[in-house]
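A.B. asks: Next comes the sequence, and after it the predicted model I'd like to discuss.
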Amino acid sequence: MKKLNRLAALLVAVMMVFASVAVAETATVEKVTVTGVGQGIDGDVVVEVTADATTIYDVQVLEQNETVGIGSVAVEQLPAAIVEANSIAVDGIAGATVTSDAIKSAIKSALTEAGIDIAPFEIAPEQEEAVERTDETLTCDVVIVGAGGAGLTAAVQATQNGANVIVLEKMPIVGGNSLKATGGMNAAGTDYQAALGITDSGVQEFIDDTMEGGHQLNDLSLVTTMAENSAAGVAWLAELGAELPKVAATGGTSHKYLHEPEDGSAVGSFLVAKLNEVCESMGITIMLNTEATDLIVTDGAVTGVHAVSAEHDYTVNAKAVILATGGFGANFEMMCEYDPSLANAVTTNHAGATGDGIRMATAIGADTVDMEQIQLHPTVYQATSMLVTESVRSMGGILINLEGKRFCNDMSTRDAVSAAELQQTGACSWIIFDQRIADDLKSTQKYINGGMTVQGDTYEELGAAMGFDEATVATFVESMNTWNAAVAAGEDTEFGRNNGMDDDLSTAPYYAILVAPGIHHTMGGLKIDTETHVIDTDGNAILGLYACGEATGGVHGGNRIGGNAVCDFVVFGRIAGMNAAAYAAD
Ligand code: ADP
């Protein structure tokens with residue numbers, strides 16, 4: 001009897017196994033709600049998806065820590081687009097590729113895990129029938145092309161000066177390259193410097209360092225204008241609620257005028273978010289997904305722009321136009337015209353940095369300067385083109401080559417460090433930092449959570465994690481100890497580094513990221529005068545046309561020093577806003 005019972009139990013168990021297999025099989029076509037994980041820019045992106053074999057019903061992002069203003073836009077917009085198209089083969093959100101890919105891969109892994117075949121969802125949605133385009137005419141005092149740092153600054157200033165402003169932005173998000181600026185804003189003679197007792201980093205030092213950093217190729221009048229107006233720029237930002245009270249030294253100088261947000265956040269996303277908020281509160285119209293195509297010229301003066309969106313062809317009539325379209329560091333064809341060796345380099349630039357303003361203005365006779373001056377930044381993580389901020393080095397980080405040795409003054413100018421790095425084995429190096437820097441510098445969390453770092457509790461462990469053999473680990477440990485001794489002595493006898501040496505690298509755990517040079521900033525651009533008028537090839541100002549920010553050339557000469565892109569867009573964005581408003585009021 002017992003035996004029979006056991007047999008029956010066995011039979012039931014076997015049947016249950018079959019039943020559960022059957023359930024598992026039929027579950028593949030039933031509606032399920034499952035979660036999956038994708039790798040975002042700052043750690044995991046956790047997505048919940050409700051679907052059956054033929055339909056995606058719902059997508060929710062449950063957890064994420066993506067960059068506000070970039071990845072956050074994909075988090076807001078992409079799930080609905082996927083549900084609407086019933087496909088993960090929809091276009092990602094332009095400018096937020098990493099987050100878009102993370103959401104898609106989280107959905108894929110959730111569905112695959114649930115036993116749902118994802119092939120039907122990988123078919124691109126059919127293109128909707130072309131919408132009927134309509135012509136629209138808009139009128140304003142000042143139309144600003146580009147909603148990066150320069151465009152947003154100009155928009156706020158022009159509005160403060162009484163102009164009615166429209167901003168056109170071709171991407172689905174505001175911010176451009178400015179949004180990616182990680183360091184700070186250089187400025188001299190600020191109240192913040194005074195409060196910290198910094199007296200040796202004034203306007204003249206700022207001018208001298210910028211000229212020297214730019215190999216004296218810079219336009220001295222533009223550099224002087226930038227430096228002289230930098231403190232007013234910092235004060236103006238503070239009035240708008242964007243305080244930059246921390247002051248440090250930037251690469252290539254021992255002077256302290258790099259102004260940063262109090263909480264260690266990246267300056268670009270901090271300022272873009274604030275300026276965007278101010279634009280909103282002032283009621284300034286910012287038209288996203290709207291690309292300016294050409295300038296309208298009437299009787300020799302610029303009187304507006306043509307622009308296109310998905311549905312409209314716009315004619316924007318204005319009394320003045322400000323080009324704030326940024327540089328051309330994402331336009332390889334254009335860069336290779338000036339430097340063919342860049343064809344295979346990675347770029348840190350956002351996808352909209354295509355030189356449109358330069359093209360539009362030169363088409364009506366504008367002149368350009370320094371177009372061949374294209375900056376490589378030495379610390380770019382090649383797999384994702386993410387920049388490792390210079391602040392890691394200014395807070396004490398160092399560069400180590402594949403032989404475990406330092407190889408240059410790691411706080412020299414970007415072009416000098418990039419050139420030294422290109423001479424090393426593999427044309428790359430490791431950037432090393434410790435827990436002290438990780439605690440004080442928010443950007444490092446992105447690197448650690450994003451899987452860019454290797455780490456160790458001792459220098460030996462870190463060396464092994466970097467893939468060094470035993471002898472190279474020993475060399476690496478010696479390099480670290482020599483560096484810490486140099487910091488203690490206040491003198492780098494090996495390479496003459498004289499800044500970013502306040503603290504050593506002795507707080508475990510230790511981190512390293514493999515980096516190499518990447519295209520970062522196009523120093524050349526439209527020729528402007530100190531009043532931001534665009535200058536034509538005969539040397540005359542083009543009436544009604546202003547330009548500011550990375551679209552212009554001359555400020556940075558042959559090499560931009562860290563912290564000057566933000567100072568450039570704040571100072572010249574304000575001047576363009578004021579002058580365009582005044583011209584429009586005439
Ligand atoms: P800057 O630092 O000079 O402000 P950014 O790169 O931060 O430069 O910003 C430039 C902005 O201009 C970007 O947001 C970019 O997408 C936008 N832009 C570039 N070309 C056009 C265009 N043709 N129409 C509208 N916006 C444009």
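C.D. replies: That came in fine, so what should we check first?

A.B. asks: buried stuff in stretch 271-287?
C.D. replies: L271, V272, A273, K274, L275, N276, V278, C279, I284, I286, M287 (16 or more other CB atoms under 10 Å). For the C-beta atoms, the positions are set from N, CA and C on the backbone; glycine is no exception.

A.B. asks: now stretch 517-537
C.D. replies: 517-528, 530, 532-536.

A.B. asks: wait, does that stretch make contact with the ligand?
C.D. replies: No: shown here: stretch 517-537 not in contact with the ligand (CB under 6 Å from any ligand atom), separated by at least 9.0 Å.

A.B. asks: End to end on that stretch, go ahead and measure it.
C.D. replies: 34 Å (CA to CA, to the nearest Å).

A.B. asks: Next: stretch 307-315.
C.D. replies: Start-to-end, stretch 307-315 (CA to CA) is 7 Å.

A.B. asks: One more: stretch 108-123?
C.D. replies: End-to-end span of stretch 108-123 (CA to CA): 13 Å.

A.B. asks: excluding its backbone neighbours, what's nearest the most centrally placed residue in the chain?
C.D. replies: Taking CA atoms, centre = their mean, the centroid of the chain lies closest to K180, which sits 2.0 Å from it. Residue nearest to K180 in three dimensions, not counting chain neighbours: G268, with 5.5 Å by CB to CB, 6 or more residues apart in numbering.

A.B. asks: and if you look at T285?
C.D. replies: Using CB to CB, 6+ apart and skipping residues adjacent in sequence, the residue nearest T285 is I166, 4.9 Å away.

A.B. asks: Now do the contacts for that neighbour.
C.D. replies: For I166, the contact set (CB atoms under 8 Å, 6 or more residues apart in numbering) comprises L138, C140, V142, V143, I144, T285, M287, V316, A318.

A.B. asks: Doesn't the last one belong to a helix?
C.D. replies: No: if the criterion is DSSP: H, G, I helix; E, B strand; the rest coil, then A318 is strand and not within a helix.

A.B. asks: Got the confidence number for it?
C.D. replies: pLDDT, A318: 98.

A.B. asks: Quick check: phi and psi on the residue nearest to T285?
C.D. replies: phi -120, psi 140 (degrees, to the nearest 10).

A.B. asks: Run through the bridge partners of it.
C.D. replies: Note on I166: beta-bridge partners by DSSP bridges are V143, T285.

A.B. asks: what's the distance between it and the ligand?
C.D. replies: 11 Å (CB to the nearest ligand atom, to the nearest Å).

A.B. asks: Residues of this protein that sit close to the ligand?
C.D. replies: Proximity of the chain to the ligand (CB under 6 Å from any ligand atom) is limited to residues 145-151, 168-171, 176-178, 291-292, 324-326, 352-353, 356, 549-551, 569.

A.B. asks: Give me the subset of those residues lying in helices.
C.D. replies: Counting by DSSP state H, those place G149, A150, G151, D356, F569 in helices.

A.B. asks: Can you tell me how far the fourth one is from D370?
C.D. replies: Applying CB to CB, to the nearest Å, one obtains 18 Å for the distance of D356 from D370.

A.B. asks: sorry, back to before: dump the buried residues of stretch 271-287 to TSV, plus pLDDT and secondary structure.
C.D. replies: Shown next, in TSV, are the buried residues of stretch 271-287 (pLDDT from 0 to 100; DSSP: H, G, I helix; E, B strand; the rest coil):
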residue	pLDDT	secondary structure
L271	97	helix
V272	97	helix
A273	95	helix
K274	97	helix
L275	98	helix
N276	97	helix
V278	98	helix
C279	98	helix
I284	98	coil
I286	98	strand
M287	98	strand
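
A.B. asks: Go through these and say which is closest to the ligand.
C.D. replies: V272 (7.9 Å; CB to the nearest ligand atom).

A.B. asks: who's in contact with the closest one?
C.D. replies: G69, G148, G149, L152, V174, G175, S178, L179.

A.B. asks: Not counting its neighbours along the chain, what's nearest the residue of the stretch 51-200 of the chain found nearest the ligand?
C.D. replies: The minimum distance from the stretch 51-200 of the chain to the ligand, using CB to the nearest ligand atom, falls at G148 (1.8 Å). Nearest residue to G148, sequence neighbours excluded (CB to CB, 6+ apart): G176, at 3.0 Å.

A.B. asks: quick one: the one you found from Y459, how far?
C.D. replies: Going from G176 to Y459 by CB to CB gives 40 Å.

A.B. asks: Settle it for me: which of these two has more neighbours?
C.D. replies: It is G176, of G176 and Y459, that has more neighbours when counted by other CB atoms under 10 Å, with 33 against 23.

A.B. asks: from memory the more buried one sits against G326, does it?
C.D. replies: Yes: using CB atoms under 8 Å, G176 makes contact with G326 at a distance of 4.8 Å.

A.B. asks: got any residues that touch both of these two?
C.D. replies: Here G176 and G326 have G146, G148, G352, A353 as joint contacts, going by CB under 8 Å, 6+ apart.

A.B. asks: what's around I561, how many residues?
C.D. replies: 25.

A.B. asks: Could you measure from it over to F407?
C.D. replies: When I561 is compared with F407 (using CB to CB), they lie 21 Å apart.

A.B. asks: can you check G500 too?
C.D. replies: For G500, the distance to F407 (CB to CB) stands at 16 Å.

A.B. asks: Next: G146.
C.D. replies: Noted for G146: a distance of 39 Å to F407, by CB to CB.

A.B. asks: higher neighbour count, the two?
C.D. replies: Taking other CB under 10 Å, G146 and F407 do not tie; G146 has more neighbours (32 against 19).

A.B. asks: So what does that one have for phi and psi?
C.D. replies: phi 110, psi 130.
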